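Novice: This is a predicted model, with the sequence first.
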Amino acid sequence: MGNITSCCDSCFRGHRSQSYEPLLLENEREAVADLLQYLENRTTTNFFTGSPLSALTTLSFSDNVDLQRSAALAFAEITEKEVRPVGRDTLDPILFLLSSHDTEVQRAASAALGNLAVNTDNKLLIVKLGGLEPLIRQMLSPNVEVQCNAVGCVTNLATHDDNKTKIAKSGALVPLTRLARSKDMRVQRNATGALLNMTHSDENRQQLVNAGAIPVLVSLLNSPDTDVQYYCTTALSNIAVDGTNRKKLAQSEPKLVSSLVALMDSPSLKVQCQAALALRNLASDEKYQLEIVKADGLQPLLRLLQSTYLPLILSSAACVRNVSIHPQNESPIIESGFLQPLINLLSFKDNEEVQCHAISTLRNLAASNEKNKLAIVKAGAVQSIKELVLEVPINVQSEMTACIAVLALSDELKGQLLEMGICEVLIPLTNSPSTEVQGNSAAALGNLSSKEMRTSSDDYSAFNDVWDKPDGGMHRYLYRFLTNSDTTFQHIAVWTIVQLLESGDPQLISNIRNSTLLAPNIRNLAISRASTPSSSVGTPRSHHSQPSYQDTETGDGLAEIQLLSRRILEFVDSDLEGIPGSVPGSHIQPGTSLGSSNGRDHEELRRSVREAFMPGSHR
């Protein structure tokens, strides 16, 4: 706010001069005398009640502008040193002074009101008593000090949610936007702070956009003032939450991304943080995902990611996660050196959200490029996941198991992942309290068990090693999923069993064939046509879906479960010599009992079920 001259005793004693005293009314002379006495004991006097407030009120409502100035200055000084909840009896005289035509009175009264507006109860009462209208008039004043104090008061009022809509509808946004361009830095700070406070609801953001705030905020990103940079960056970050606003920004502000990238190198940590968050919100759209990389945003983000300051780590990790959504950005991110820092963040136990962003980014980087999958495993991501996954929070477990499911799609990596003992941690997680963790872990195991082109050198011994352990091993996991009421889980189980049988590994085939837990339940699924409920495993929680099993819920999904179950029974019920061996490209051939009503052949069935283990789009 603007500077207010200290209210000293002399501002009242001057009223007793010989030339001035006859102009005072009797009650005004008494009020001046009383107030002088109270001011001498100001440290022990409560000016918000009783006789002190009465004296100030008398001077406030005087027709004498000098007395109004003295009252306004007194209120400004008193509220500068002490703020408490006040009632209408305190606010009414200040609001009256606020409507004065005298610049000095306006300046001091708005300062006093702004001080009181720091208190939550006062914020509401000021607006309720009609304080916005005179404040808007003062924002239009040609006097910079009056502008500054009025805008500062509105800034304080706008921190209360109940006031935001009232302020937006009061007509205050247009003058606030105009004053954000003020040549006076104090006015700029207060105006941009007020605009920021108005960006916390959808309705108000839209009204700000309509008031022309976007180009003003973008232009002020290049302000030399750190506070103005911070307010504008944060306001734009909030505005960019809305897809419609992002489109407007894309159409009208071509320099926005480059300005935000530059601010990630600001000397101010809070500006760096908000710049990364603004880019994160913009990167919800494909256009901005590509533009951030094109604007050389990766190196600043990598630097922030390796910071020791949590807000910077969190904001940059969130931004990189969104940038990694676009397939064209996968290789540039890896080539920029992000892999090791992201893997390091997997063990960032101080913040679960950081861990989630890091592992989700790794998953995105592996989504559509075989070379990237190999690079991620080589960098140590799987080893780190294996060491951490049983101890991290459930949300992180879900992301980690989803990442393994994606990596396990690579035929070149399957054997390496099995040798690393990844099944030993996936199996216990198939019994997680979280259905997402269960489903993702099972998807990973299913992907590890399948192969597009089988050869005689394929080694499935890792599945034998974990057949009965840990936690009951593959055997107990498959039983749980077969007997689950969710068709999604049934589908995963029968598909995985088919893959294990098709491996040609004699020990695996014997384990399945001799199981008294699996066979009866497979027979039930082979003859069952009843519709069963399905879970929400695979429902997307952000820009990408989890490994999706949703196409198996009902109808064709149940038919596929039945077909796969019958194929398993052909293995189980036949002689061992009749089981197809591990030869290149071998597939289970459909028997006459496998004909389906919709006419799909077995290869189409295999493709359909395999898609159940494919990751969705990036997320």
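Specialist: In hand now; what should we look at? Numbers count the residues shown, from 1 in each chain.
Novice: How about residue 497: what's its closest non-neighbour residue?
Specialist: The shortest distance from residue 497 to any non-neighbouring residue, by Cβ to Cβ, 6 or more residues apart in numbering, is to residue 568 (5.4 Å). Backbone N, C-alpha and C define where each C-beta goes, glycine included.
Novice: For residue 430, see how far away that neighbour is.
Specialist: Look at residue 568 and residue 430: by Cβ to Cβ, to the nearest Å, they are 19 Å apart.
Novice: same check, this time on residue 354
Specialist: Computed as Cβ to Cβ, the residue 354 to residue 430 distance reads 26 Å.
Novice: what about the two, which has more around it?
Specialist: residue 430 (26 against 21; other Cβ atoms under 10 Å).
Novice: Now do the contacts for that one.
Specialist: 438, 441, 442, 445, 477, 480, 481 (Cβ atoms under 8 Å, 6 or more residues apart in numbering).
Novice: is it true that residue 239 touches residue 206?
Specialist: No: the criterion here is Cβ atoms under 8 Å, and residue 239 misses it with residue 206 at 9.4 Å.
Novice: Could you check which of those two has the larger neighbour count?
Specialist: Taking neighbours as other Cβ under 10 Å, residue 239 and residue 206 compare with residue 239 leading, 23 against 15.
Novice: List the residues that contact that one.
Specialist: Residue 239 touches 199, 205, 208, 209, 213, 214, 217, 245, 249, counting by Cβ under 8 Å, 6+ apart.
Novice: Kindly report the same for residue 72.
Specialist: Counted by Cβ under 8 Å, 6+ apart, residue 72 has contacts 60, 94, 97, 100, 104, 105, 107, 108, 109, 112.
Novice: Sticking with the nearest residue to residue 117 once chain neighbours are set aside, tell me its helix or strand.
Specialist: Leaving aside its sequence neighbours, residue 117 sits nearest to residue 156 (Cβ to Cβ, 6+ apart; 3.8 Å). Using DSSP states H and E, residue 156 sits in helix 144-157.
Novice: sorry, back to before: make a markdown table from the contacts of residue 239 and add neighbour count to it.
Specialist: Below are those laid out as a markdown table (neighbours: other Cβ atoms under 10 Å):
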| residue | neighbour count |
| --- | --- |
| 199 | 24 |
| 205 | 22 |
| 208 | 25 |
| 209 | 18 |
| 213 | 25 |
| 214 | 21 |
| 217 | 26 |
| 245 | 20 |
| 249 | 24 |
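Novice: And the strands in the stretch 451-600 of the chain?
Specialist: Assigned by DSSP state E, counting those that start in this stretch, the stretch 451-600 of the chain shows no strands.
Novice: Show me where it dips below the pLDDT cut-off.
Specialist: Residues of the stretch 451-600 of the chain that meet the criterion pLDDT under 70 lie in 529-557, 574-600.
Novice: would you list every one of the helices in it?
Specialist: 461-465, 473-482, 487-502, 506-513, 518-527, 556-573 (DSSP state H, counting those that start in this stretch).
Novice: Equivalent analysis for the stretch 151-300 of the chain, please.
Specialist: Shown for the stretch 151-300 of the chain, the helices assigned by DSSP H, counting those that start in this stretch span residues 161-169, 173-179, 185-197, 202-210, 213-219, 226-239, 243-252, 256-263, 269-282, 286-294, 298-305.
Novice: Distance to residue 42 added to these, as CSV?
Specialist: Converted to CSV, the helices of the stretch 151-300 of the chain look like this (distance: least, Cβ to Cβ, whole Å):
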stretch, distance to residue 42
helix 161-169, 31
helix 173-179, 34
helix 185-197, 27
helix 202-210, 40
helix 213-219, 42
helix 226-239, 32
helix 243-252, 50
helix 256-263, 45
helix 269-282, 37
helix 286-294, 56
helix 298-305, 49
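Novice: With mean pLDDT and distance to residue 383 as added columns, please give those in TSV.
Specialist: Formatted as TSV, the helices of the stretch 151-300 of the chain follow (pLDDT from 0 to 100; distance: least, Cβ to Cβ, whole Å):
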stretch	mean pLDDT	distance to residue 383
helix 161-169	92	47
helix 173-179	95	54
helix 185-197	95	44
helix 202-210	89	44
helix 213-219	96	45
helix 226-239	97	36
helix 243-252	94	39
helix 256-263	98	34
helix 269-282	98	29
helix 286-294	98	29
helix 298-305	98	21
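Novice: between those, which one is nearest to residue 50?
Specialist: For the helices of the stretch 151-300 of the chain, the distance to residue 50 is smallest for helix 161-169, at 29.4 Å, taking Cβ to Cβ.
Novice: Help me confirm that residue 230 comes into contact with residue 270.
Specialist: Yes: contact between residue 230 and residue 270 holds when scored by Cβ under 8 Å: they sit 5.5 Å apart.
Novice: Between these two, point out the one with more neighbours.
Specialist: Per other Cβ under 10 Å, whichever of residue 230 and residue 270 has more neighbours is residue 230, with 24 against 16.
Novice: give the contact list for the more buried one.
Specialist: With Cβ under 8 Å, 6+ apart, residue 230 has these contacts: 268, 270, 271, 274.
Novice: OK, contacts around the second one?
Specialist: Think residue 270. So residue 270 contacts 230, 311 (Cβ under 8 Å, 6+ apart).
Novice: any idea how far it lies from residue 316?
Specialist: Applying Cβ to Cβ, the value for residue 270 to residue 316 is 14 Å.
Novice: What of the last one?
Specialist: In this structure, residue 274 lies at 12 Å from residue 316, with Cβ to Cβ as the measure.
Novice: what sits in contact with each of those two?
Specialist: Contacts common to residue 274 and residue 316, judged by Cβ under 8 Å, 6+ apart, are absent.
Novice: tell me which element residue 59 is part of?
Specialist: helix 50-60.
Novice: So which bits of that helix are buried?
Specialist: Judged by neighbour count (16 or more other Cβ atoms under 10 Å), helix 50-60 contains these buried residues: 52, 53, 54, 55, 56, 57, 58, 59, 60.
Novice: Make TSV out of these and add pLDDT and distance to residue 303.
Specialist: Shown next, in TSV, are the buried residues of helix 50-60 (pLDDT from 0 to 100; distance: Cβ to Cβ, whole Å):
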residue	pLDDT	distance to residue 303
52	88	57
53	91	56
54	91	61
55	89	60
56	91	55
57	92	58
58	91	62
59	91	58
60	93	56
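Novice: now, which of these sits nearest residue 27?
Specialist: residue 58 (5.8 Å).
Novice: contacting residues for the closest one?
Specialist: 27, 28, 30, 31.
Novice: residues near the first one, how many?
Specialist: With neighbours defined by other Cβ under 10 Å, the count for residue 27 comes to 13.
Novice: which residue packs closest to it, ignoring adjacent ones?
Specialist: Excluding the flanking residues, the one nearest residue 27 by Cβ to Cβ, 6+ apart is residue 58, at 5.8 Å.
Novice: what's the answer for residue 90, then?
Specialist: Of all residues not flanking residue 90 in the chain, residue 48 sits nearest, at 5.2 Å (Cβ to Cβ, 6+ apart).
Novice: contacting residues for the one you found?
Specialist: Counting by Cβ under 8 Å, 6+ apart, residue 48 has contacts 84, 86, 90.
Novice: And the last one, how far from residue 58?
Specialist: Okay, so that is residue 90. Applying Cβ to Cβ, the value for residue 90 to residue 58 is 14 Å.
Novice: re the thing from before, including distance to residue 360 and mean neighbour count, could the helices of the stretch 451-600 of the chain go into a markdown table?
Specialist: Listed next are the helices of the stretch 451-600 of the chain as a markdown table, based on distance: least, Cβ to Cβ, whole Å; neighbours: other Cβ atoms under 10 Å:
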| stretch | distance to residue 360 | mean neighbour count |
| --- | --- | --- |
| helix 461-465 | 27 | 17 |
| helix 473-482 | 25 | 22 |
| helix 487-502 | 22 | 26 |
| helix 506-513 | 33 | 17 |
| helix 518-527 | 34 | 17 |
| helix 556-573 | 27 | 21 |
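Novice: Having no further points to raise, I will conclude here.
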